[in-house]
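In: Need a 3D model of the sequence below.
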Amino acid sequence: MNGILIVDKPMGWTSHDVCHFIRKKFSIAKVGHAGILDKNATGVLVVLLGHFTKLSSRFLNETKEYTGTMELGSRTTTHDAAGEIVETLPWQHVRDEDVIRVMEGFKGEREQLPPMASAVKLGGVRLYKLARQGKEIDRPHKTIHVYELVIQSLKLPVIEFYCKVSKGTYVRTLAHDIGHELGTGAHLKELRRTASGVFRIENSVTVDQLKAMREVDAIKPHLVALPVRGNDDALRARRPE
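Out: A predicted model of the protein is given here:
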């Protein structure tokens, strides 16, 4: 089985969990993914099957799109709801117009400090392993780009939003930083990836659907075409095998 499968990753599953499940259930020797999605996030995970695993680097630099929910008034160790609350702060001074102004200012290129609870490697060690030991170390900022950041619902202290960002952007840290800029704290409550490059949630298959399949050939109708280089909107007519 060779091809690209877009999986709607459920909450609580790691990207590795999804690949391991597919590899074991369908006896596919090579299964990989093109970009980690946090365990507590849901949505688009680009899964590569067979010789398509060699194309992983081709998709790693794609932009990502998300819908999310952040809540003002508290900071956590992981910048999202999975972490422990480390500080509770008043948020009542924040007005709707403040949120609109601050979030508008987050668009464009900026520097972001990766959270300790992340897969970033320093000195050959993943930061999350140090975080589990209660350690925090100096780490370099990285340049990210926020192409779009749109408020979808504003009912303070809760903000629902959509964003389109560059590879390697931590949306939970984006929420954390927005809270800081507003003079309070904030953490990400929910996150759903709706697209990775041209691969969209509308073309995904759920883990429950995969569980219900009895043979590997049942995957074939869900395989997506390979984008043509130089034209992300065009897709090959020939489907994967």
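
In: Tell me where the protein has helices.
Out: Counting by DSSP state H, the chain has these helices, from start to end: 15-26, 56-60, 96-105, 127-132, 171-181, 207-212.

In: lowest confidence element among the helices and strands of the chain?
Out: When each helix and strand of the chain is scored by mean pLDDT, DSSP states H and E, strand 231-235 comes last, with a mean of 40.

In: residue contacts, Leu188?
Out: 68-70, 79-81, 171-172, 175-176 (CB atoms under 8 Å, 6 or more residues apart in numbering). Heads up, the C-betas are built off the backbone N, CA and C, glycines and all.

In: end-to-end on stretch 25-38?
Out: 23 Å (CA to CA, to the nearest Å).

In: Can you list the buried residues in that stretch?
Out: For stretch 25-38, the neighbour count (16 or more other CB atoms under 10 Å) marks 26, 28, 31-35, 37-38 as buried.

In: how about the spatially most central residue of the chain, phi and psi?
Out: By CA atoms, centre = their mean, the mean C-alpha position of the chain lies nearest to Leu37, the distance being 4.4 Å. Phi and psi for Leu37, reported as degrees, to the nearest 10, are phi -120, psi 130.

In: That one against Gly43, yeah?
Out: Yes. The pair Leu37 / Gly43 is scored as a contact, 6.8 Å apart, by CB atoms under 8 Å.

In: what residues are shared contacts of the two?
Out: Listed contacts common to Leu37 and Gly43 are 9, 193; contacts here mean CB under 8 Å, 6+ apart.

In: now Met1: how far from His20?
Out: 16 Å (CB to CB, to the nearest Å).

In: So for these two, which sits in the more crowded spot?
Out: Between Met1 and His20, Met1 has the larger neighbour count (other CB atoms under 10 Å), namely 20 against 13.

In: how close does that one sit to Ser166?
Out: For Met1, the distance to Ser166 - CB to CB - is 31 Å.

In: The longest strand along the chain: which residues count as buried?
Out: The longest strand of the chain (DSSP state E) is strand 142-155. Within strand 142-155, the residues scored as buried using 16+ other CB under 10 Å are 144, 146, 149.

In: what's the answer for stretch 193-201, then?
Out: For stretch 193-201, a neighbour-count test (16+ other CB under 10 Å) marks 193-201 as buried.

In: domains for the protein, by residue range?
Out: 3-60+197-235, 64-193 (automatic domain parsing).

In: Contact partners for the residue of the chain positioned farthest from its centre?
Out: The centre of the chain is farthest from one residue, His93, which by CA atoms, centre = their mean lies 30.7 Å away. When the contact criterion is CB under 8 Å, 6+ apart, the partners of His93 are 183-184.

In: one step back: what would the buried residues of strand 142-155 look like in a markdown table with distance to Ile219?
Out: Formatted as a markdown table, the buried residues of strand 142-155 follow (distance: CB to CB, whole Å):
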| residue | distance to Ile219 |
| --- | --- |
| Ile144 | 34 |
| Val146 | 35 |
| Leu149 | 36 |
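
In: Quick check: the gap between Ala175 and Leu5.
Out: 30 Å.

In: Asn40 too?
Out: Distance from Asn40 to Leu5, by CB to CB: 22 Å.

In: The two: which has the busier surroundings?
Out: Taking neighbours as other CB under 10 Å, Asn40 and Leu5 compare with Leu5 leading, 27 against 19.

In: residues in contact with that one?
Out: 22, 47-49, 205, 219, 222-224.
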